[in-house]
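> Below is the sequence, then the predicted model.
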Amino acid sequence: MIRKFKEEDTVKVMTIWTRGNFQAHPFIDKDYWLLNFNRVKDEYLKKAYTLVYEENGEIKGFISLLDDEYIGALFVREDSRRKEIGRKLINKLKENHSKLILNVYEKNVNATLFYIALGFVNTKIQVDEKTNEKEYIMVWKNEKENCEKM
């Protein structure tokens with residue numbers, strides 16, 4: 001079941017966020033994520049529109065949206081990956097948005113391929129100044145909606 005994030009979800013969501021970053025980004029020092037932990041927990045989660053995927057009372061993943069189109073986070077627990085949870089979370093956002101944008105590190109090949117499979121297109125390559133890593137800016141647009149407007 002997908003539902004809106006509640007404040008009491010914070011510990012579980014942040015655990016998924018931390019472990020997910022360590023696993024998906026072994027090319028970035030773990031201290032980077034640890035140094036950003038409180039900012040994400042105390043600021044980002046309060047600003048973002050976050051949905052969680054819950055199954056049998058356990059949060060298996062979450063997605064966060066900023067500024068109505070920027071996906072700032074999509075994480076699924078390691079034991080729940082490859083079970084369509086990430087796809088379901090993105091598709092839920094697609095229901096009410098005509099455009100979604102995200103950044104993904106070039107070295108995170110699995111995530112990049114996942115987003116391409118969901119219709120995202122790489123529009124730009126840049127270097128993340130904070131990590132000094134190359135990243136793609138990827139965009140999804142609701143082409144059906146664009147065609148209907150013509």
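Happy to help now that I have it.
> Name the SS class of the nearest residue to residue 137 once chain neighbours are set aside, please.
Take residue 137 and drop its neighbours on the chain: the residue closest to it by CB to CB, 6 or more residues apart in numbering is residue 124, 4.3 Å away. (C-beta placed from N, C-alpha, C; glycine too.) Following DSSP: H, G, I helix; E, B strand; the rest coil, residue 124 is assigned to strand.
> Mind jotting down where the strands sit in this protein?
For the chain, the strands defined by DSSP state E occupy 2-4, 49-55, 58-66, 70-76, 99-105, 121-128, 133-141.
> count of neighbours near residue 134?
By other CB atoms under 10 Å, 12 other residues sit near residue 134.
> if I pick it, what's in contact with it?
105-107, 125-128 (CB atoms under 8 Å, 6 or more residues apart in numbering).
> any idea how far residue 122 lies from residue 104?
If you measure residue 122 against residue 104 using CB to CB, to the nearest Å, the figure is 9 Å.
> Tell me where the longest helix sits in the chain.
Scanning the chain for the helix with the most residues, using DSSP state H, yields helix 10-24.
> Which other helices and strands does it contact?
helix 30-39, helix 45-47, strand 58-66, strand 70-76 (3 or more CB pairs under 8 Å, 6 or more residues apart in numbering; DSSP states H and E).
> What angle do helix 10-24 and the first one make with each other?
Same thing as helix 30-39. Per axes from the mean of the first three to the mean of the last three CA atoms, to 10 degrees, the angle that helix 30-39 makes with helix 10-24 is 160 degrees.
> buried stuff in helix 30-39?
For helix 30-39, burial by neighbour count (16 or more other CB atoms under 10 Å) applies to residue 33.
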